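Novice: Fold the stuff below for me.
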Amino acid sequence: MRLLLVEDDRELVELLAAVLRGEGHVVDVALDGQRGLHLALTRPYDVVVIDRGLPALDGLDLLSRLRSRSVRTQVMILTAMGTVRDRIDGLDAGADDYLTKPFDLGELTARLRALGRRAAELAAVLRIGDGRLELEQHRVVLPDGERVPLTEREFGLLRVLATHPETVHTRASLRRTVFHDAPSQSIVDTYVHYLRTKVGRSVVRTVQGVGYRLGAL
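Specialist: Numbers count the residues shown, from 1 in each chain. Predicted coordinates:
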């Protein structure tokens, strides 16, 4: 899985990152809520783990902003705030799981695996207007039923856009996420052109002066 840990306790987050990487997961870390929001909006994750008492941006506020922008990534709240009211508030804000500190490390990793399985089930298909992106097959299904296969990089670009449909992605962020080995941001424009040629110009919208966002089919 690809995981994001948003936690300001450096010792705890270093421990968790080491354990999870040891299990084979890819782990990114944010030490404040604002950085966590940026990463969660610009990079695809299977699960995001959020502490509630974060600097710069409170954990529940962070979660609410993600959900308001149609980010459906699985989210676990990991916090010392453990009253019934706290748990209700977290789940109502859009959390998929809620675990209180102190916690058992084995239970945490088991819960993350469960969220990862749920994410895999939900992510089998991403909607794009009246069409869809089939993730296992690396192809787009158009509204009329036609199936259009994508190359690895075409698929990677469209998946990022479809995972965060309300986000406007800069060329720089798309290059880092999808084309990290490319020498120039111009590769983003090239693959946007390829996608539009294959599946229709409306699939990717240009936001002048900013970048690109998901369109429709």
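
Novice: Which residue ranges make up the domains of the chain?
Specialist: 2-122, 125-214 (automatic domain parsing).

Novice: In JSON lines: these, plus mean neighbour count and mean pLDDT.
Specialist: All C-beta atoms are positioned from the backbone trio N, CA, C, and that covers glycine. Formatted as JSON lines, the domains of the chain follow (neighbours: other C-beta atoms under 10 Å; pLDDT from 0 to 100):
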{"stretch": "domain 2-122", "mean neighbour count": "17", "mean pLDDT": "93"}
{"stretch": "domain 125-214", "mean neighbour count": "17", "mean pLDDT": "91"}
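
Novice: On the three-state scheme, L157 is what?
Specialist: Three-state call for L157 (DSSP: H, G, I helix; E, B strand; the rest coil): helix.

Novice: where's it relative to R118, distance?
Specialist: 25 Å (C-beta to C-beta, to the nearest Å).

Novice: just L217 next, same as before
Specialist: 26 Å.

Novice: K198 now?
Specialist: 31 Å.

Novice: which one is D61 nearest to, not counting chain neighbours?
Specialist: G33 (7.0 Å; C-beta to C-beta, 6 or more residues apart in numbering).

Novice: helices and strands around the top helix by length along the chain, which ones?
Specialist: Ranked by number of residues, the top helix in the chain under DSSP state H is helix 105-122. Counting contacts by 3 or more C-beta pairs under 8 Å, 6 or more residues apart in numbering; DSSP states H and E, helix 105-122 packs against helix 10-22, strand 47-50, strand 74-79, strand 97-100.

Novice: Ramachandran angles for D130?
Specialist: Phi and psi for D130, reported as degrees, to the nearest 10, are phi -90, psi 0.

Novice: quick one: contacts for it?
Specialist: Counting by C-beta atoms under 8 Å, 6 or more residues apart in numbering, D130 makes contact with 143, 216-217.

Novice: Nearest to L135, out of the helices and strands packed on helix 105-122?
Specialist: strand 74-79 (15.2 Å; C-beta to C-beta).

Novice: Leaving out the residues flanking it, which one is nearest to L217?
Specialist: G131 (3.3 Å).

Novice: For the one you found, list the residues it contacts.
Specialist: With C-beta under 8 Å, 6+ apart, G131 has these contacts: 140-143, 199, 216-217.

Novice: got those residues as CSV, with distance to T42 and secondary structure columns?
Specialist: Formatted as CSV, the contacts of G131 follow (distance: C-beta to C-beta, whole Å; DSSP: H, G, I helix; E, B strand; the rest coil):
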residue, distance to T42, secondary structure
V140, 22, strand
V141, 26, strand
L142, 27, coil
P143, 28, coil
V199, 23, helix
A216, 21, coil
L217, 23, coil
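
Novice: Which two among those are spaced furthest apart?
Specialist: V141 and A216, at 13.5 Å, using C-beta to C-beta across these.

Novice: distance between whatever helix or strand L174 lives in and the chain's centre?
Specialist: Using DSSP states H and E, L174 sits within helix 171-178. Its chain's C-alpha centre lies 14 Å from the corresponding centre of helix 171-178 when counted by C-alpha atoms, centre = their mean, to the nearest Å.
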